[in-house]
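Engineer: With the input below, show me the fold.
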Amino acid sequence: MNTKQEQTGILLTAGAYLLWGFLPIYWKAVNHVSAGEILAHRIIWSFIFMLLLIALLRKWPTVRKECKAILTNKKQLIAIMFASIMITLNWLIFIWAVNSDHVLQASLGYYINPLISILLGILVLKETLTKRQLFSFILAGAGVLFLTVSYGVFPWVSLLLAMTFGLYGLFKKRLNVGAFASLTIETMFITPFAVIYLFILPENVFHTNTFLEASNLVLIGAGIVTAVPLLLFAGGARRIPLAMIGFLQYIAPTIMLILGVFVYNETFTTAHLVAFSFIWIALINYMVSTYFPFNKRKTRRVLK
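Structural biologist: From the prediction side, this is the model:
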């Protein structure tokens, strides 16, 4: 992997996390709608948006070829099916957390997620860490552990968010397929279930309001706000190590943390401040040790 590819991967992945960080604002706009219904609309409109985007960009031949390759390859098919399940669960938990006034819990989940990504990278993909990178991992882990213990209760929302997105990143890493085909197939698998759910839902907003009411338009727009960062993530994830994906993840929960405290008035404790400081020191150390040539020369050896 050359430096240019890696730089492109960092930019794409960082862009995805920036958009995800501000996503709570979008879901708050429809917090009167149940999490399940929001999720169903998100899946359906994401699939429709992808079909329209593929047609507009005239990518049908490429996407059709990639889709055929996935559907005829058992390992690829299983990987993308599991990716679809993991991202669907992640969406549901996140929407519920945001609209139940647990933005800080969601933030904690995405602070834990990089540790899950790094662990999966080491155990499954056999990625390695330098000594300074390992120190960053331990430092970030200490901050997350401190914040987790300070809650006084088992943070199941945070841990489920971390696990589902960590596994999603792993499955995406195993797929050798373009972002358009991947996301289209992921949403295609779940769309029938989403349609059935809306059909049997007695109080679907489309049954009670006019189609062009503001809340309905926000739900339709969910396809765009879902697909764009996922396309960026899919494009970036294939170009950089899973460990780097994990550390770039800190962008999103930091934005969520700021939103939770300053916009939605959730309580920010001393524990949050301590963990926040630990994690950002770890991130800075990781970035410096990885991307500055002087430090690269000094940290050439990796842990076996």
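
Engineer: Isn't Ala282 up against Ser136?
Structural biologist: Yes: between Ala282 and Ser136 there is a contact under CB atoms under 8 Å: 4.2 Å. In this view, the C-beta of every residue, glycine as well, is placed from N, C-alpha and C.

Engineer: Show me where the stretch 201-304 of the chain has its helices.
Structural biologist: Assigned by DSSP state H, counting those that start in this stretch, the stretch 201-304 of the chain shows helices spanning 205-208, 214-237, 242-248, 251-258, 270-291, 293-298.

Engineer: Helix 251-258 and the second one, what's the angle between them?
Structural biologist: Meaning helix 214-237. On the basis of axes from the mean of the first three to the mean of the last three CA atoms, to 10 degrees, helix 214-237 is oriented at 140 degrees to helix 251-258.

Engineer: follow-up on the earlier one: let's have the helices of the stretch 201-304 of the chain in a markdown table, adding mean neighbour count, distance to Ile78 and mean pLDDT.
Structural biologist: What follows is the helices of the stretch 201-304 of the chain, written out as a markdown table (neighbours: other CB atoms under 10 Å; distance: least, CB to CB, whole Å; pLDDT from 0 to 100):
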| stretch | mean neighbour count | distance to Ile78 | mean pLDDT |
| --- | --- | --- | --- |
| helix 205-208 | 14 | 34 | 52 |
| helix 214-237 | 20 | 18 | 84 |
| helix 242-248 | 24 | 19 | 74 |
| helix 251-258 | 22 | 28 | 89 |
| helix 270-291 | 17 | 32 | 78 |
| helix 293-298 | 11 | 37 | 47 |
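
Engineer: Select, out of those, the one closest to Ile80.
Structural biologist: In terms of CB to CB, the element of the helices of the stretch 201-304 of the chain nearest to Ile80 is helix 214-237, at 11.1 Å.

Engineer: so what does the helix ranked longest in the chain touch, helix or strand wise?
Structural biologist: Secondary structure assigned by DSSP state H gives helix 74-99 as the longest helix of the chain. Applying 3 or more CB pairs under 8 Å, 6 or more residues apart in numbering; DSSP states H and E, one finds that helix 74-99 makes contact with helix 23-28, helix 35-56, helix 60-71, helix 103-123, helix 156-174, helix 179-200.
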